[in-house]
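Q: Curious how this folds, go ahead:
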Amino acid sequence: MGSTLFAVLLPIALALIMFGLGLTLTVDDFARVVRYPKAAVVALVCQMVLLPVVCLGLIYLFGLTGALAAGMMLLAASPGGPSANLFSHIAGGNVALNITLTAVNSVLAVFTLPLVVALSFSLFLDDAESIGLRPDKFAQVFAIVLVPVAIGMTVHRRYPGWAERMRDKVKVLSIIVLALVVTAAVAKNFQTLTEHIGRLAAVCLVFAVISLGVGYYAPKLFRIEEDQAIASAMEIGIHNGAIAIAVAATVLRNDPMAVPGAVYGVLMNIPAAAAAYLLARRTRQPSPV
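A: Okay, here's the model as predicted:
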């Protein structure tokens, strides 16, 4: 896939994924934070504060530098991925909480993502090229993350029957599109990938495992119910690699930064599936009398 075609199709692919998310959301999904205040706050703090710090530590531990280090930070700042709800359902999690966390995370990421990326640029790249708080870059992040979600929510509100019929189809199509985006990003940056595959694979796997663990055990420390802790684990443990790839390639115009998101998009399914299996077994075990 050529550079121009990739640059054109990538925002379209992400728009479809986020539109599909919007088809599943209503205003009530945002208001549901009131029903799960403790779980929502713990999950959001872990997602937006703790995980970037963990990611930064892993970057230094594994010796990543330059665009790859910045790309990992971009991934850490991205909200939950579209498959989080599916893994949560398999594991016995509170999918309603997943939907709420995804909705709130997607909105907050528009503001927090530029800050994290600005920090990572100052640490690993030329600070002048950062998103920072530049209005044009901020507007692009807003456009590719939230506008398709808002359109999907509007369609859901005005044409609920059609939205219900199309929801599963769009979800399947979104997963296919995500796989194509990851494949295209890998193909476009194949040399960078092959030069650093060992460290990248290790960082992405360790980051995914730690994210899942933090997402589950942090709520448990606060005595949050099991199904909500599982929802938190999947939401925090499964990042939206498509957003990381799209922001890197289209907003920042830095293709090597997209490589960590692509590697993570493939490898995170391994620990996520294992966690879903183990948690599903745990939730199905009868409680001791």
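Q: Going by C-alpha atoms from here, please, whenever you check contacts or count neighbours.
A: Will do.
Q: Can you pull the poorly scored residue ranges out of the stretch 1-150 of the chain?
A: Scanning the stretch 1-150 of the chain for pLDDT under 70 picks out 1-8, 127-135, 137-138.
Q: residues near residue 65, how many?
A: Residues near residue 65, counting by other Cα atoms under 10 Å, number 14.
Q: My error: substitute residue 186 in the last question.
A: With other Cα under 10 Å as criterion, residue 186 counts 21.
Q: For it, grab phi and psi.
A: Here is the backbone geometry of residue 186 (degrees, to the nearest 10): phi -60, psi -50.
Q: which ones are touching it?
A: 193, 259, 262, 263 (Cα atoms under 8 Å, 6 or more residues apart in numbering).
Q: now it: how far from residue 180?
A: Using Cα to Cα, to the nearest Å, residue 186 is found at 10 Å from residue 180.
Q: Find residues that contact each of these two.
A: Counting by Cα under 8 Å, 6+ apart, nothing touches both residue 186 and residue 180.
Q: show me what contacts residue 193?
A: Residue 193 neighbours (Cα under 8 Å, 6+ apart): 186, 259.
Q: for the helix or strand hosting it, which positions count as buried?
A: Remark: residue 193 resides in helix 190-221, with elements defined by DSSP states H and E. Neighbour-count burial for helix 190-221 flags 193, 197, 200-201, 203-220 (criterion: 16 or more other Cα atoms under 10 Å).
Q: I'd like to know how many residues surround residue 223.
A: By other Cα under 10 Å, neighbour count at residue 223 equals 12.
Q: part of a strand, is it?
A: No. The assignment for residue 223, made by DSSP: H, G, I helix; E, B strand; the rest coil, is coil rather than a strand.
Q: Phi and psi next, for it.
A: phi 60, psi 40.
Q: Return the residues in contact with it.
A: Residue 223 neighbours (Cα under 8 Å, 6+ apart): none.
Q: Please read off the pLDDT at it from the model.
A: For residue 223, the model assigns a pLDDT of 93.
Q: Residue 39 versus that one, what's the distance?
A: Counting by Cα to Cα, the gap from residue 223 to residue 39 is 9 Å.
Q: Then residue 225?
A: Taking Cα to Cα, one finds residue 225 at 9 Å from residue 39.
Q: Between the two, which has more neighbouring residues?
A: residue 39 (23 against 13).
Q: residue ranges of the helices in the stretch 51-200 of the chain, please?
A: Taking DSSP state H, counting those that start in this stretch as the criterion, the stretch 51-200 of the chain carries its helices at 51-62, 66-77, 84-91, 95-124, 135-145, 147-158, 160-188, 190-221.
Q: right, and residue 91 touches residue 230 too?
A: Yes. Residue 91 lies in contact with residue 230 (Cα atoms under 8 Å); the separation is 7.1 Å.
Q: list residues touching both of these two?
A: With Cα under 8 Å, 6+ apart as the test, residue 91 and residue 230 both reach residue 279.
Q: Give me the more crowded residue out of these two.
A: Higher neighbour count among residue 91 and residue 230: residue 230, with 34 against 27, using other Cα under 10 Å.
Q: which other residues reach the helix or strand the more buried one falls within?
A: Using DSSP H and E, residue 230 sits within helix 226-237. Contacts to helix 226-237, defined as Cα under 8 Å, 6+ apart, come from residues 39, 43, 46-47, 79-81, 84-85, 87-88, 91-95, 97-98, 101-102, 208-217, 219-220, 272, 279.
Q: Over to stretch 166-184?
A: By Cα under 8 Å, 6+ apart, stretch 166-184 touches 1, 6, 10, 13-14, 16-17, 20-21, 23-24, 82-83, 242, 245, 261-263, 265-266.
Q: starting at the chain centroid, how far to that stretch?
A: 14 Å (Cα atoms, centre = their mean, to the nearest Å).
Q: count of residues packed around residue 159?
A: Count around residue 159 with other Cα under 10 Å applied: 12.
Q: Adjust the sequence numbering to begin at 44 for everything that follows.
A: Renumbered: residue one is now 44, and that last one reads residue 202.
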